[in-house]
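Engineer: Here is my input; please provide its structure:
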Amino acid sequence: IKARTKGGIHQIEAQTDSEEVIKLVRDQNMGYLQVHRGAEASRIEKLRENLHFIDTEAGPQNRHTIFVDDDEEAETFDKAEYFDTDEAFVDRAFNRPTKDRLKKGSIIVGGDPKSMSRAFQNRKKAYNELEQRMKRKAKMDNALAHMELYKNLSKKGQRFKVQDGKDGKPPVYKWKQERKR
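Structural biologist: Coordinates of the predicted model:
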């Protein structure tokens with residue numbers, strides 16, 4: 001910032017940067033965004049691996065389809081027998097222990113309500129973190145798309161707008177094909 005006094009009054013003169021400096025700064029900003037977008041993507045992947053969208057409204061509602069030979073077998077079908085588990089665990093979509101594991105006692109069923117609520121809170125926190133990170137990555141992707149568009153617009157070549165930007169996304173341009181010499 002250039003500044004000087006004129007007649008005792010402080011004057012700030014606008015500093016004009018060359019186009020090269022402006023392009024360099026934009027490239028550095030794009031590089032910064034790409035690095036942080038990659039880091040965010042790896043964190044999201046790690047969180048997804050740990051969570052698997054277990055038993056949440058946000059997660060996929062999968063169905064376990066079991067095929068039987070005829071209608072009579074469908075009417076007499078017993079879920080507990082098929083999944084080899086206790087009646088209490090039949091409707092679970094995850095962590096459905098078998099009768100053998102229940103007999104061995106190698107699995108913890110239930111527990112005190114305080115620890116169960118703490119586990120539920122931790123899981124809820126982890127899903128919230130995942131959702132926030134996914135939103136942050138989407139914002140970074142959007143900002144990067146805008147920066148790439150403006151970088152391409154500063155280049156030579158005839159272009160025309162194909163589509164206006166929607167929902168914060170950049171507009172779509174198409175460049176006229178030029179013969180490279």
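Engineer: What distance do you get for Phe67 to Gly8?
Structural biologist: Phe67 sits 91 Å away from Gly8, going by C-beta to C-beta, to the nearest Å. Placement of C-beta: from N, CA and C, glycine included.
Engineer: how near is Asp112 to Gln158?
Structural biologist: 71 Å.
Engineer: Then Ala119?
Structural biologist: 61 Å.
Engineer: Now Lys174, what are its backbone angles?
Structural biologist: phi -130, psi 130 (degrees, to the nearest 10).
Engineer: ok, and the closest non-adjacent residue to the residue nearest to the spatial centre of the chain?
Structural biologist: Residue closest to the mean C-alpha point of the chain, counted by C-alpha atoms, centre = their mean, is Met134 at 2.6 Å. Excluding the flanking residues, the one nearest Met134 by C-beta to C-beta, 6 or more residues apart in numbering is Ile44, at 6.0 Å.
Engineer: For burial, what's the neighbour tally of that neighbour?
Structural biologist: 17 (other C-beta atoms under 10 Å).
Engineer: my guess is it contacts Arg133, does it?
Structural biologist: Yes - with contact defined as C-beta atoms under 8 Å, Ile44 and Arg133 form a contacting pair (5.1 Å).
Engineer: Low-confidence ranges, this structure, go.
Structural biologist: 1, 15-17, 52-62, 93-94, 105-111 (pLDDT under 70).
Engineer: in it, which spans are helices?
Structural biologist: Per DSSP state H, the chain carries helices over the ranges 19-51, 71-75, 79-83, 99-104, 113-153.
Engineer: Residues touching the third one, excluding its own?
Structural biologist: Contacts made with helix 79-83 from outside it, assessed by C-beta atoms under 8 Å, 6 or more residues apart in numbering, are listed as 66, 86-87, 89-90, 96, 98.
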